[in-house]
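Chemist: everything below, folded, please.
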Amino acid sequence: MLNNLNNNDKIKLFLKNVFDRDLAMKFTNDIEKLAAIDAFIQFAQNPTSMSAGYGIEQNYPYIMKNLAIRYNLKEPFINDIILFLKEIVKDMEKLTTDFYTWRNAIKNYIVNNYTDNFLEWYEKVYANLGFKERNEFLFLLYALSNTTYVNDLHKWYVCFLTKKKKLHNMT
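Modeler: Prediction:
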């Protein structure tokens, strides 16, 4: 059956099997599933170029750190997610080593199939924030919508910093 498919269809089928079958069987807890999907999003958003080797191995520790902060998961769960991601990446390379194609396909698949899951999670997180945290979060969203580069966010947040922190950031 796979032999009759073009490369794009093979990639779509591969991702469907990964997310709908493999990931669902491996991670039975909803938050772990969401964190695993998030790991794939982070993998897909890695901007490292082909000439730099795509930075795949170098980004796993960053993905792990982000998952720990976002989902408050213990290290064994995060390690399971990263091992799963690494296994899938090896399998992806068997179909095509063009990681730009994979990154786009992963982003599209997740946007088309899991946006509601993330929106529900964001709503739960937001509902548990205090008044000050909610205001800071809304300010962040506003700043992001008016900032071209993430590195420029510090300009928006300088008003939240103490004088000591402002001086430290300037040096």
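Chemist: ok, longest helix in this structure?
Modeler: Across the chain, the longest stretch assigned as helix under DSSP state H is helix 99-127.
Chemist: how far away from the center of its chain is that one?
Modeler: Its chain's C-alpha centre and that of helix 99-127 lie 8 Å apart, by Cα atoms, centre = their mean, to the nearest Å.
Chemist: give me the next element, helix or strand, following it.
Modeler: Downstream of helix 99-127, the next assigned helix or strand under DSSP states H and E is helix 131-145.
Chemist: can you list contacts of the next helix or strand along the chain from that next one?
Modeler: Downstream of helix 131-145, the next assigned helix or strand under DSSP H and E is helix 153-157. If you take Cβ atoms under 8 Å, 6 or more residues apart in numbering as the criterion, helix 153-157 is touched by 139-140, 143-144, 146-147, 169. (Each C-beta comes from the backbone N, C-alpha and C, glycine too.)
Chemist: by neighbours, which of those residues wins?
Modeler: A143 (16 neighbours; other Cβ atoms under 10 Å).
Chemist: tell me the contacts of that residue?
Modeler: A143 makes contacts with 153, 156-157, as judged by Cβ under 8 Å, 6+ apart.
Chemist: so which residue is dead centre in this structure?
Modeler: Q42 (3.0 Å; Cα atoms, centre = their mean).
Chemist: spit out the contact partners of that residue.
Modeler: When contacts are counted by Cβ under 8 Å, 6+ apart, Q42 touches 59, 62-63, 66.
Chemist: which of those residues are buried, as a PyMOL select command?
Modeler: What follows is the PyMOL syntax selecting those of these that are buried according to 16 or more other Cβ atoms under 10 Å:
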select buried, resi 59+63+66
